[in-house]
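Visitor: need a 3D model of the sequence below.
(chains A, B, C and D)
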Protein chains: 4
Amino acid sequence: MFEVRTDLAVEENERITKAQEETKGISVTEEDYGEEQIHITTVRITTENGAKQMGKPKGTYITLEAAEMIEDDEDYHREISKRLAEILKELIPVCDKQKNYKESTENQKKVSRKGFAQAKHELEGTSILVAGLGNRLVTPDALGPQVADNLYITRHIIKEFGRRAYENEQVQPVSAIVPGVMAQTGMESQEIITGIIREVKPDYLIVVDALAARSVRRLGRTIQITDTGIYPGSGVGNHRYSITKETTGIPVIAIGIPTVVEAATIVYDSMSALIDELAHAESLQPLKTSWNRLTEAEHRNLVRELLSPQLNHMFVTPKDIDAEIKRMSYTISEAINLAFCG
Amino acid sequence: MFEVRTDLAVEENERITKAQEETKGISVTEEDYGEEQIHITTVRITTENGAKQMGKPKGTYITLEAAEMIEDDEDYHREISKRLAEILKELIPVCDKQKNYKESTENQKKVSRKGFAQAKHELEGTSILVAGLGNRLVTPDALGPQVADNLYITRHIIKEFGRRAYENEQVQPVSAIVPGVMAQTGMESQEIITGIIREVKPDYLIVVDALAARSVRRLGRTIQITDTGIYPGSGVGNHRYSITKETTGIPVIAIGIPTVVEAATIVYDSMSALIDELAHAESLQPLKTSWNRLTEAEHRNLVRELLSPQLNHMFVTPKDIDAEIKRMSYTISEAINLAFCG
Amino acid sequence: MFEVRTDLAVEENERITKAQEETKGISVTEEDYGEEQIHITTVRITTENGAKQMGKPKGTYITLEAAEMIEDDEDYHREISKRLAEILKELIPVCDKQKNYKESTENQKKVSRKGFAQAKHELEGTSILVAGLGNRLVTPDALGPQVADNLYITRHIIKEFGRRAYENEQVQPVSAIVPGVMAQTGMESQEIITGIIREVKPDYLIVVDALAARSVRRLGRTIQITDTGIYPGSGVGNHRYSITKETTGIPVIAIGIPTVVEAATIVYDSMSALIDELAHAESLQPLKTSWNRLTEAEHRNLVRELLSPQLNHMFVTPKDIDAEIKRMSYTISEAINLAFCG
Amino acid sequence: MFEVRTDLAVEENERITKAQEETKGISVTEEDYGEEQIHITTVRITTENGAKQMGKPKGTYITLEAAEMIEDDEDYHREISKRLAEILKELIPVCDKQKNYKESTENQKKVSRKGFAQAKHELEGTSILVAGLGNRLVTPDALGPQVADNLYITRHIIKEFGRRAYENEQVQPVSAIVPGVMAQTGMESQEIITGIIREVKPDYLIVVDALAARSVRRLGRTIQITDTGIYPGSGVGNHRYSITKETTGIPVIAIGIPTVVEAATIVYDSMSALIDELAHAESLQPLKTSWNRLTEAEHRNLVRELLSPQLNHMFVTPKDIDAEIKRMSYTISEAINLAFCG
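Guide: The predicted model follows:
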């Protein structure tokens, strides 16, 4: 059966607010950064009821929309990276009490066992593992791997030489993995990531993934950041296992950019618009009556029957998707670098 | 203005036969190779009138349709390569009179100057230049470059050692070029190819290119071979200059596989189908009347207005386009290898 | 300090047998497969003393030498893959008692809890994880990743549908990971692999890696298979942590192909040969005396001083290393496919 | 027979100046840019006699040596690009008389036919074709193709909209081609380039190629710029046809960076150094006498016999050649962009 699919909370929200004016358990705030033409929407789902209505788990969904993000403008992309870095820093409060640690070492004798653990943590920083999900060989799904490729990796250096190895002592230990997709590995991304987390023990996991949007208007113009992790069925590659705090044991921040729309979706939307239009046309007044006689379910059925089943295996992507993925992956990796490697 | 675009003569033909029963100057023959489920349609446009009606220049358009071509079945692809090789051999009658040449050299004294040229040609074979058009970095446009990558290149060996260098003396001198696209080179593919032809003097040019189809049903299932060359506006990369016998000076065979459908096209088609459906629905009888009151041009206008302008920069491609391009490029290069390198 | 480096036990063996005729705790057997010109040497190190003398841990080191392996001959490579598959099957005794299982299910009532585990194992087969070590972006180090790319991955299918999903019920569940190198991930390959093993619980680990040889003669002509795993300092990328049964918890089979020689090594060897030659030259009799007056340590020092320190960052590789890596990685992946996926 | 091979005039020069103090027809000037640690040597070969002695054709050979060029320091690379851009601008005096042209158009009536051609030229600028030689798939030979990939291509824009399309009217029309290597195309790079030049009619050709050096010390630290073009046997890929003003019809500037040393060369050099050393060692006085009794030819023969013939197919390259090629290709493309696209 055809279902309109979107990985973007902001699109679910649009759908819902049309139907219901106000929903308990869902709060939405919006901010505009005029100069950069960046629009940030924060959807907070705080109750199970809200989660049910949105079809998404409880948590915070931040959407950064930047109309010009598809353009090849380095300065503009730097601005986006900066805003995204700020958002990441809020979601991941890093430990940067180096100074305190130094002072405290002077009072080492008094420091309890717990204090030592704390001190060690301050010395080594807040460890962040970035997982670049998706298939490196399928262009619209290669966002995650390409982000991982451009990260500033520091964990191995800090582990060996401490944070003093860097001029900027705010640098946190960053590691990265490209787990691949199940057809390549025979394993779920979740299995690979969870195994590594148990061995390497990072404090936070950031997963980066390419998403499916509902509207072509959002492709390459939207970044979604959430603290809920990743759920089955989401992403271009359609994950089967969730990657969340429950399954991995550590907080999971998911960063996603819509890179495709399912082909059936754009057809469905266009046809719905056509029917609306027909129903309103002066010259087609009789249609209004006949159309209105049908229930919404009947409308949907009618449209669905007309959809070619072949469209199910089709994506809609921008013509220059290869260049866009490259640009957007760089914008995200730059944000992570800014947030944790100063 | 929105125009339904297709690079496939067989799709133009479908459109036309619906409207006009019989057209002077267009002949269509069809063959089925049952076992392999390969269907070959040959459209011959023989008059200017036929060319006008088809919106395509005079010439032969052979379409090989293979329902299972999108599957990863090596044996089946080999069958397609064989059929395609046969078609190529018919369009490019190679010189394989080695034996005659050997005899004639025994009578060398009698051979005229023209005879020598002929003899040399027999010795060196029929020289074929293959141009892999498109952008190597944009997946659905990378078909041509990938075909060129897998060709069996022989010209430099034959030029140095003669065809005797190969066990099979039917081997023809094959060379290849990947001209790139204008954004990469600053030059038209046609300029690059024509320049090389003037210097290298091949006997035939084969151009391989990714095409835009009208129907997703054809993506990755159809190969079009024509002896007319390539015209402005065709191909995924939209050529601006024609690559034909007129512009290059030698016969041009074009091989194309549709790899994309313009996003606007699938929406347009679906909406047209919806309107047809609506017009026939019992419960919507009044619509039929109102709809029929509009001219076809008005129908098209109505649909066009509803099309998101963003769709113009969007392609519809299969989800696994990367693997498909690899497979199909191999099928074409194998066909060229079979046809000219035995 | 300069040290002649080799990852090949067969080369260590050459060095040693020159010095000491017979060594306790080291056994060497050789076999020739005349037709295919394949030579297999099996070095078994059975005592700590033998391990010390060889500078390699106890275990079995099988070296497959194939003079023509650098050639682009598909049939020959298939022969090598077959031999390699046989060796792998001996080192990894897979569970193929499907038939027994079927019978036993008829007597299910009598089967103990332990019997169920056994039965389940028979149903699911012997699970094998392949780790393709090395850096995908550095050609001579890309062997491991390229092997992983060409494997026939079955674990996820068997996990979902059982081995009955395959016509050949001897198919074992194969999974694969490309862990990347520390500069890309911030983690040791060993950490990543161990973590995944704890989560995914395969029965065997196969690690594939590019090696450094001592002699250019071996490049691309030798495959080393050992049941000892991988030790610090080995491989082109120089591992720091061992990947062994001790660290991963499961048996580890390592497959390696030498793809580089350290530049300093070939210079050292050539200079040593020159000195030998000089010392024997009739016309240079006086040299013999003076040279012999120096100790071997002095000889080595003299040579070392002449080595450019820049050579330390240099590799010697065949000119067509890119094509060779592609060919050899295919030969190894084919062997693994043959051994475990029939 | 073994021959020490170098594509660098500056290395030939070193060899020669050791033997002969002063050579007629060869002038050498050196400059140092202290701050950037850039050293520029200009060798001018002005007579046939000088050409014979250098084993290189008459012309100007500029060598830019930058000790830190192998480092990953963006600022430093920008400095190198700037110096290289200056050198290119001196060798290619571009037409930037836009202003004059504008004035002259006011006096159009007086302008002769020749004046029109001049005016057109001023309007369209000095057309430059860049050819990125080498094999994209063989890392140390991929320099040329990677340079072409990063160029700012302007010819097609200027041809359509004039130089007014750019804010900076000093922008010249730049086009680029990656001709591939003979095994891929069946054609000589020279044939392809000459053909394109005849069709596209640029004013200058810049060829970029990876070179073989004699000393590992120069790898990735040296850029050679010459106005003589490229001769048979030069480059990593060993060109067979020259690409010069004589063969292409337009001035040819060649930019090369040494990326490999032939393996035999480093062995030869090290052994020569060893012999020198031996001959000077106090304790080896008798050797001096015996060694000196041999002619230089005998020395060379002795060394040559010891060289493994397998070394002939081996290259010495830095371990991180992939990253180095990427960095250096960017430095060259940036220089060309700076010189002609402002």
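Visitor: only C-alpha atoms from now on, for both contacts and neighbour counts.
Guide: Noted.
Visitor: how close does A:A264 get to chain D?
Guide: Noted for A:A264: a distance of 36 Å to chain D, by C-alpha to the nearest C-alpha, to the nearest Å.
Visitor: host element of that residue?
Guide: Per DSSP states H and E, A:A264 falls inside helix A:263-280.
Visitor: so what's A:V174 bridging to?
Guide: A:I128 (DSSP bridges).
Visitor: check contacts around it.
Guide: Shown in contact with A:V174 (C-alpha atoms under 8 Å, 6 or more residues apart in numbering or on different chains): A:S127, A:I128, A:L129, A:V130, A:Y152, A:I153, A:T154, A:R155, A:F340, C:G186.
Visitor: repeat for A:L205
Guide: For A:L205, counting by C-alpha under 8 Å, 6+ apart, the contacting residues are A:I128, A:L129, A:V130, A:A131, A:I250, A:P251, A:V252, A:I253.
Visitor: tell me the SS of the fifth one?
Guide: For A:I250, the secondary structure call by DSSP: H, G, I helix; E, B strand; the rest coil comes out as coil.
Visitor: does chain D sit close to the helix or strand containing A:Y76?
Guide: For A:Y76, the element it lies in under DSSP H and E is helix A:74-91. No. For helix A:74-91, no contact with chain D is found by C-alpha under 8 Å from any C-alpha of the partner chain; the gap never falls below 15.5 Å.
Visitor: what's next to that helix, contact-wise?
Guide: A:36, A:38, A:64, A:66, A:68-69, A:227, A:253, A:331-332, A:334-336, A:338-340.
Visitor: quick check: of the contacts of A:V174, which lies closest to chain D?
Guide: Among these, A:Y152 lies closest to chain D (C-alpha to the nearest C-alpha), at 13.7 Å.
Visitor: pretty sure the closest one sits against A:A335.
Guide: No. The criterion here is C-alpha atoms under 8 Å, and A:Y152 misses it with A:A335 at 10.7 Å.
Visitor: now do the strands in the stretch 151-300 of chain A.
Guide: A:174-177, A:204-213, A:222-226, A:252-262 (DSSP state E, counting those that start in this stretch).
Visitor: what lines up beside the longest one in the sheet?
Guide: Put plainly, it is strand A:252-262. strand A:204-213 (parallel), strand A:222-226 (antiparallel), strand A:314-318 (antiparallel).
Visitor: tell me which of those strands sits nearest to D:I26.
Guide: Of all those, it is strand A:314-318 that lies closest to D:I26, at 57.7 Å by C-alpha to C-alpha.
Visitor: buried stuff in the next helix or strand after that closest one?
Guide: For strand A:314-318, the following helix or strand on the C-terminal side (DSSP H and E) is helix A:321-341. Buried residues in helix A:321-341, counting neighbours by 16 or more other C-alpha atoms under 10 Å in any protein chain shown, are found at A:321-322, A:324-325, A:327-341.
Visitor: now stretch A:230-245
Guide: Per 16+ other C-alpha under 10 Å, stretch A:230-245 contains these buried residues: A:I230, A:Y231, A:S234, A:G235, A:V236, A:G237, A:H239, A:Y241, A:S242, A:I243, A:T244, A:K245.
Visitor: helices and strands of chain A: which one has the lowest mean pLDDT?
Guide: helix A:98-106 (a mean of 46; mean pLDDT, DSSP states H and E).
Visitor: could you pick out the residues of the stretch 51-200 of chain A near chain D for me?
Guide: Within the stretch 51-200 of chain A, not a single residue sits near chain D (C-alpha under 8 Å from any C-alpha).
Visitor: quick one, what contacts the residue in the stretch 51-200 of chain A that chain B sits nearest to?
Guide: Residue nearest to chain B within the stretch 51-200 of chain A: A:V138 (5.8 Å; C-alpha to the nearest C-alpha). Counting by C-alpha under 8 Å, 6+ apart, A:V138 touches B:D320, B:I321, B:D322.
Visitor: just want the residue of the stretch 201-342 of chain A that's nearest chain D.
Guide: Using C-alpha to the nearest C-alpha, A:A323 is the residue of the stretch 201-342 of chain A that sits closest to chain D, at 13.1 Å.
Visitor: tell me how far that residue lies from A:E298.
Guide: Computed as C-alpha to C-alpha, to the nearest Å, the A:A323 to A:E298 distance reads 42 Å.
Visitor: one more: A:I336?
Guide: Counting by C-alpha to C-alpha - A:I336 and A:E298 are separated by 47 Å.
Visitor: A:I197 is in contact with A:K245, isn't it?
Guide: No. Look at A:I197 against A:K245 with C-alpha under 8 Å: they stay out of range, at 11.4 Å.
Visitor: list the buried residues for the helix holding A:Y76?
Guide: The neighbour-count check on helix A:74-91 (16+ other C-alpha under 10 Å) flags A:76-78, A:80-89, A:91 as buried.
Visitor: give me the angle between that helix and helix A:321-341.
Guide: Here helix A:74-91 runs at 50 degrees with respect to helix A:321-341, directions being taken by axes from the mean of the first three to the mean of the last three C-alpha atoms, to 10 degrees.
Visitor: quick check, A:T63 in a helix?
Guide: No. Counting by three-state DSSP, A:T63 is not part of a helix but strand.
Visitor: across the sheet, point out what pairs with it.
Guide: A:T63 has these beta-bridge partners by DSSP bridges: A:T41, A:Q224.
Visitor: so how many other residues sit close to it?
Guide: 25 (other C-alpha atoms under 10 Å in any protein chain shown).
Visitor: ok, A:I196 next?
Guide: 25.
Visitor: for chain A, what lies in contact range of chain C?
Guide: A:149, A:153-157, A:174-180, A:182-187, A:191-200.
Visitor: show me which of those residues are buried.
Guide: Looks like the residues of chain A next to chain C have A:149, A:153-157, A:174-180, A:182-187, A:191-200 buried, using 16+ other C-alpha under 10 Å.
Visitor: just those: which are in helices?
Guide: Counting by DSSP state H, these place A:149, A:155-157, A:182-185, A:191-200 in helices.
Visitor: tell me where the model's unsure across the stretch 151-300 of chain A.
Guide: Where the stretch 151-300 of chain A drops to pLDDT under 70, the residues are A:275-292, A:294-297, A:299-300.
Visitor: one more pass at 50, please.
Guide: Of all residues in the stretch 151-300 of chain A, none has pLDDT under 50.
Visitor: same check, this time on the stretch 1-150 of chain A
Guide: For the stretch 1-150 of chain A, the ranges with pLDDT under 50 are A:1-2, A:18-19, A:21, A:97-107, A:109-111.
Visitor: and the strands in it?
Guide: Using DSSP E, counting those that start in this stretch, strands in the stretch 1-150 of chain A cover A:26-33, A:38-45, A:59-66, A:128-132.
Visitor: and among those, the most buried is which?
Guide: strand A:128-132 (a mean of 26; mean count of other C-alpha atoms under 10 Å in any protein chain shown).
Visitor: what two of the contacts of A:V174 are the furthest from one another?
Guide: Between any two of those (C-alpha to C-alpha), the greatest distance is 14.2 Å, for A:F340 and C:G186.
Visitor: excluding chain neighbours, what is closest to A:K58?
Guide: Counting by C-alpha to C-alpha, 6 or more residues apart in numbering or on different chains, the nearest residue to A:K58 once its immediate chain neighbours are dropped is A:I45, at 4.8 Å.
Visitor: again with A:V216
Guide: Nearest to A:V216 is A:V261, by C-alpha to C-alpha, 6+ apart, at 6.3 Å.
Visitor: that neighbour pairs with what?
Guide: Beta bridges link A:V261 to A:A213, A:V316, judged by DSSP bridges.
Visitor: thought it was touching A:V316?
Guide: Yes. Taking contacts as C-alpha under 8 Å, A:V261 lies within contact range of A:V316: 5.2 Å.
Visitor: list residues touching both of those two?
Guide: With C-alpha under 8 Å, 6+ apart as the test, A:V261 and A:V316 both reach A:V216.
Visitor: ok, now which ones touch A:Q172?
Guide: Contacts of A:Q172 by C-alpha under 8 Å, 6+ apart are A:V94, A:E124, A:G125, A:T126, A:S127, A:I128, A:T154, A:R155, A:R163, A:F340, A:C341.
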